[in-house]
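Student: A predicted structure for the sequence below; I have some questions about it.
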Amino acid sequence: MTERSDSSDTTKCPLCGDVNECAVASGRDPESCWCMTATMSASALAAIPIEAQGKVCICARCAAGTPAGD
Ligand SMILES: [Zn+2]
């Protein structure tokens with residue numbers, strides 16, 4: 001089986017695979033999500049896979065433009 005769950009799991013960052021802590025994915029009020037007040041790095045937004053854009057939140061670390069694993 002080669003079923004992929006990367007872009008369908010809305011609780012995980014499509015860039016690094018870490019939990020994105022998105023309020024929407026957790027079933028909470030979208031307005032309580034950290035991403036509503038965070039400033040997204042342009043390079044991070046550009047790196048989001050097409051299939052994940054508009055569906056899956058990235059994590060705070062990637063949004064800030066900080067490479068994972070540093
Ligand atoms: Zn991330």
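Tutor: Looks like it came in fine. Residues are numbered from 1 along each chain as shown.

Student: with adjacent residues omitted, what lies nearest to the most centrally placed residue in the chain?
Tutor: Nearest to the mean C-alpha position of the chain, by CA atoms, centre = their mean, lies I58 at 1.5 Å. Take I58 and drop its neighbours on the chain: the residue closest to it by CB to CB, 6 or more residues apart in numbering is C13, 4.8 Å away. Quick note: C-beta positions are derived from backbone N, CA and C, even for glycine.

Student: for that neighbour, give its distance to C59.
Tutor: Using CB to CB, to the nearest Å, C13 is found at 4 Å from C59.

Student: any shared contact partners between those two?
Tutor: Residues touching both C13 and C59 by CB atoms under 8 Å, 6 or more residues apart in numbering: 19-20.

Student: looking at it, the residue nearest to the centre of the chain is touching T10, isn't it?
Tutor: No. Here I58 does not reach T10: they are 11.2 Å apart, not a contact under CB atoms under 8 Å.

Student: quick check: neighbours shared by these two?
Tutor: With CB under 8 Å, 6+ apart, I58 and T10 have common neighbours N20.

Student: for C62, phi and psi?
Tutor: Phi and psi for C62, reported as degrees, to the nearest 10, are phi -70, psi -40.

Student: max-length helix in the protein?
Tutor: helix 42-47 (DSSP state H).

Student: whether that one contacts the ion - can you check?
Tutor: No. Against the ion, helix 42-47 shows no contacts by CB under 5 Å from the ion, the least distance being 8.1 Å.

Student: which strands or helices does that helix pack on?
Tutor: Applying 3 or more CB pairs under 8 Å, 6 or more residues apart in numbering; DSSP states H and E, one finds that helix 42-47 contacts helix 60-63.
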